[in-house]
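> Just a sequence and a predicted model for now, questions to come.
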Amino acid sequence: MKKVILAMLVAAPMFLFNQVGNAQNHHKKQSATADIVDVAVSSDQLTTLVAAVKAADLVATLKSDGPFTVLAPNNQAFGKIDGEALASLLKPENKSKLTAILTYHVLPVKLSKAEISGAIKANGGKLSVTAVSGAKFQVALSGDNIIITDAKGGKSAVIAADINASNGIVHIIDTVIMP
């Protein structure tokens with residue numbers, strides 16, 4: 001009995017260490033087969049975005065081949081929007097408005113943080129980008145941080161970058177950008 005307890009005490013920390021390692025590598029392992037929607041669904045930070053993508057009927061589009069770069073507003077970003085305004089956007093009668101906002105966060109190409117930063121530097125410190133929606137926004141650098149300026153002058157920062165998916169890449173941003 002003492003041997004069994006000793007074996008359990010030795011094995012438990014090894015099991016916990018492996019579980020922590022597996023959680024930290026979740027996105028890396030997942031990216032080989034997980035598409036952008038699967039990546040978003042697996043993140044506790046993107047639950048509001050997932051609900052919005054479903055309400056706008058964009059799931060099939062974001063599961064398609066791509067490639068896409070998604071600037072994914074986290075839950076706190078959506079929390080900056082008035083609660084009534086957000087609830088209204090999620091209603092079926094406002095689907096076209098919601099679709100315009102969400103597709104403003106998608107680029108029709110896969111771009112890593114390094115590629116975006118390089119393009120900004122190559123263009124004199126600022127770059128105009130056209131989203132899938134057809135609307136444009138500006139990206140610039142503040143130190144090593146990518147800052148997005150939307151059509152209304154609002155600013156958002158990339159706070160987590162280069163989450164790879166089978167059909168593109170996801171960068172998490174801290175504010176919903178508006179066309």
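Yes, it's here. Residues are numbered from 1 along each chain as shown.
> Report the buried residues of the lengthiest strand in the chain.
Taking residue count as the measure and DSSP state E as the definition, the longest strand of the chain comes out as strand 155-165. By neighbour count, with 16 or more other Cβ atoms under 10 Å as the criterion, the buried positions of strand 155-165 are 156, 158-161, 163-165. Placement of C-beta: from N, CA and C, glycine included.
> Kindly report the same for stretch 140-159.
By neighbour count on 16+ other Cβ under 10 Å, the buried set for stretch 140-159 is 140, 146-148, 150, 156, 158-159.
> How far away from the center of its chain is that stretch?
Between the centre of stretch 140-159 and the centre of its chain there are 15 Å (Cα atoms, centre = their mean, to the nearest Å).
> Quick one: end-to-end length of that stretch, please.
With Cα to Cα, to the nearest Å applied, stretch 140-159 spans 14 Å between its terminal residues.
> what sits up against it?
Applying Cβ atoms under 8 Å, 6 or more residues apart in numbering, the set of residues contacting stretch 140-159 from outside is 71, 73-74, 77, 104, 113, 116-117, 120-121, 125-127, 135-139, 161, 171-179.
> May I see the ChimeraX selection of the buried members of those residues?
In ChimeraX, this line selects whichever of those come out buried by 16+ other Cβ under 10 Å:
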select :71,73,74,77,104,113,116,117,120,127,135,137,138,139,161,171,172,173,174,175,176,177,178,179
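> was I right about Asp162 contacting Ile172?
No - using Cβ atoms under 8 Å as the test, Asp162 is too far from Ile172 to be in contact (10.2 Å).
> Report the mean per-residue pLDDT for stretch 92-101.
For stretch 92-101, the per-residue pLDDT values average out at 97.
> outside of it, which residues touch it?
Contacts made with stretch 92-101 from outside it, assessed by Cβ under 8 Å, 6+ apart, are listed as 52, 55-58, 88-90, 133, 135, 176, 178-179.
> Near Ala60, how many other residues are there?
Ala60 is surrounded by 8 other residues when neighbours are defined as other Cβ atoms under 10 Å.
> So which bits of the helix or strand hosting it are buried?
Using DSSP states H and E, Ala60 sits in helix 59-63. Counting neighbours by 16+ other Cβ under 10 Å, one finds that the buried residues in helix 59-63 are 59, 61-62.
> what's around the residue nearest to Asn167 when sequence neighbours are not counted, how many residues?
The shortest distance from Asn167 to any residue that is not its chain neighbour, by Cβ to Cβ, 6 or more residues apart in numbering, is 3.5 Å, and that residue is Gly66. When neighbours are defined as other Cβ under 10 Å, Gly66 has 20 of them.
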